[in-house]
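In: This is the structure alone, sequence omitted:
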């Protein structure tokens, strides 16, 4: 029997990665599905009258083996994939989507859920139970349980097709990202680049037995090149390659896939009685409807645009004065912004990096979590891992009880997708009197240590580490009864609050003193640097806000209206960017064909939530600043009302319980220097 199907005889029941073979997955998925089906059948065939316990609670605990197999497989498919894994993902995704539909379209099961839901008022449920009941009922009604049979079948077909398309979308982007490399053999072409970036490019070339230096579209290679390379033509080449991913009319082209996805999502929403996909999605968000998102976004846009225009004019004048550039292009933005920032603040990443050694920054995050929430992180070496670079920790509280297992996986490699994310291998929940503790993972792509240097982070990477660690704390500190309401299982536009609030500590002298030491001398980061980091935090915030809003508005344009008449992806996109565009259009490039957040990840109709959560996080952090950034009382309130509560109650109720009021945008506008 596959190790995936038996009880894990491991420390804290952690996943036995080294014992899992690639051929174990498909049978484990098949068996997991049939076990989950049997559990559902048992609920349906129960002859007693349906109750909250025998129907709603019983359902929430079904499918634990399938969940476990899925989380292990799909986490590894992101962090340590291979051609075989991707093939398995293509094969099992339709099975999972079909199983999900079998459950949600099971009329007898829905009848039982509805019977309990209809007597909701007389059941005397607590808030968590009420939320669970609502969530279960909506998981049926929002997925077609009230539809006649032929429409249910239509829905199944749409879902199957969508799950395939989004996988295909992601594989195309990955293939295009991997297909491009900039191979340089002339040392003069490296002018301006930091030595760490050059060293990394050299070792990549070496690994391919090539002379010179290789740069790729992976962020640790792409971003420093765009920021520092003096050669404008090469920046242009790299930028166009990045922006042209899956927009090249080749086998990895995503134009048709995007149009198919948005049309199918629209059709699905209509089938369920919603005006658009955005109306469907936002019903289960703090924002509630597209109108609110548009007015929130346009309100911020009105405040940010004058600042953005001013910043753009300043940048244009600066580039002209420095290099005689007549027209700023997209591939100039990071380069001249960095130069201008250095001139204004005399602060470049290369000066800061020596103070941000990865191990110390990580320990800093641990120390801050200790001061705020009483947690201790101890590295352990007897927990199995899926790659030798992964580090494993036991997280305990002040009573020395296990809070969580924590995995940290920080360096880029071939089988790992770009970016940074938090995920879990096991959720927290309570069952049979036992509080099952979660297994949480942070995955990032930071520069690897070299023969001469440890891994040194840019300040941007420091905030990324804290951001993902904030999501991690949301998972680790979870303390709910039901698995489906635990940890980060919250409304999508609330999920970024715990992550974004953590970034604030990176700007506080009191926090920086805990981890920002020079890797060679041990000297604490000089106060003038800290002041400059703080001052420069709102540098070009107007432009950054405009950019973020443009992505959110593009997402809403795809999903907040009828897309059936859209035939030309590029033309549609250009039209949507009209109000937020400052740089000239690049005809070879498209955003949507590689906009993985909304076409592969779960951000469709939700990209606005980054800004929404910034309003929440600025408002919440202002409370910490009023009382002291390590204030025990505020931290405890945040832990008890936000971090531990998961999705057990409406987020606005939780937020007001913590803050005493609804969030106001003023704190964000003030922090961003926009008012």
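Out: Looks like it arrived, so ask away. Computed from a predicted structure; not experimentally measured.

In: CA atoms for contacts and neighbours, from now on please.
Out: Fine.

In: Excluding covalently adjacent residues, which one is nearest to residue 65?
Out: Closest residue to residue 65 apart from its sequence neighbours, by C-alpha to C-alpha, 6 or more residues apart in numbering: residue 32 at 5.7 Å.

In: just residue 523 next, same as before
Out: Using C-alpha to C-alpha, 6+ apart, the nearest residue to residue 523 is residue 517, at 5.2 Å.

In: same question, residue 607
Out: Nearest one to residue 607, counting by C-alpha to C-alpha, 6+ apart, is residue 552 at 4.8 Å.

In: The one you found sits in which helix or strand?
Out: When elements are assigned from DSSP states H and E, residue 552 belongs to helix 541-559.

In: Mind giving me the packing neighbours of that helix?
Out: helix 255-271, helix 277-282, helix 290-323, helix 569-576 (3 or more C-alpha pairs under 8 Å, 6 or more residues apart in numbering; DSSP states H and E).

In: related to what we said a few turns ago, need the contact list for the residue nearest to residue 607.
Out: Residue 552 makes contacts with 297, 605-608, as judged by C-alpha atoms under 8 Å, 6 or more residues apart in numbering.

In: Can you give me the separation between it and residue 476?
Out: Residue 552 sits 29 Å away from residue 476 when distances are taken as C-alpha to C-alpha, to the nearest Å.

In: and residue 646, what pLDDT?
Out: Here the pLDDT value assigned to residue 646 is 97.

In: now the helix holding residue 552: how far from the chain's centre is it?
Out: Counting by C-alpha atoms, centre = their mean, to the nearest Å, helix 541-559 is centred 17 Å from the centre of its parent chain.

In: In a markdown table: the contacts of residue 552, plus distance to residue 91, pLDDT and neighbour count.
Out: Converted to a markdown table, the contacts of residue 552 look like this (distance: C-alpha to C-alpha, whole Å; pLDDT from 0 to 100; neighbours: other C-alpha atoms under 10 Å):
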| residue | distance to residue 91 | pLDDT | neighbour count |
| --- | --- | --- | --- |
| 297 | 39 | 94 | 20 |
| 605 | 27 | 96 | 26 |
| 606 | 28 | 94 | 23 |
| 607 | 29 | 95 | 23 |
| 608 | 32 | 94 | 25 |
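
In: Just the closest of those residues to residue 430, please.
Out: Nearest to residue 430 among the contacts of residue 552: residue 606, at 30.3 Å, using C-alpha to C-alpha.

In: sorry, back to before: looking at the helices and strands packed on helix 541-559, which is buried most?
Out: helix 277-282 (a mean of 24; mean count of other C-alpha atoms under 10 Å).

In: Please compute how far it lies from its chain's middle.
Out: For helix 277-282, the distance to the chain centre is 20 Å (C-alpha atoms, centre = their mean).

In: cool, stretch 599-607 as well?
Out: On C-alpha atoms, centre = their mean, the centre of stretch 599-607 falls 10 Å from the chain's centre.

In: now what about it, what contacts it?
Out: 166-167, 169-170, 258, 261, 277-278, 281-282, 492-493, 551-552, 555-556, 559-560, 597-598.

In: Next, the distance between the ends of stretch 559-578.
Out: Using C-alpha to C-alpha, the two ends of stretch 559-578 sit 18 Å apart.

In: That one - what's its average pLDDT?
Out: 97.

In: Check stretch 478-497 too.
Out: pLDDT averaged over stretch 478-497 gives 95.

In: same check, this time on stretch 403-423
Out: 95.

In: how far does that stretch stretch from start to finish?
Out: Note: stretch 403-423 ends 16 Å apart using C-alpha to C-alpha.

In: and what of stretch 40-48?
Out: 15 Å.

In: any idea how far that stretch is from the chain center?
Out: For stretch 40-48, the distance to the chain centre is 38 Å (C-alpha atoms, centre = their mean).

In: Can you list the neighbours in contact with that stretch?
Out: By C-alpha under 8 Å, 6+ apart, the residues outside stretch 40-48 that reach it are 54-55, 58-59, 62, 103, 108-109, 112.

In: Make JSON lines out of the contacts of residue 552 and add secondary structure and distance to residue 200.
Out: Output for these, formatted as JSON lines (DSSP: H, G, I helix; E, B strand; the rest coil; distance: C-alpha to C-alpha, whole Å):
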{"residue": "297", "secondary structure": "helix", "distance to residue 200": "40"}
{"residue": "605", "secondary structure": "coil", "distance to residue 200": "37"}
{"residue": "606", "secondary structure": "coil", "distance to residue 200": "35"}
{"residue": "607", "secondary structure": "coil", "distance to residue 200": "33"}
{"residue": "608", "secondary structure": "coil", "distance to residue 200": "35"}
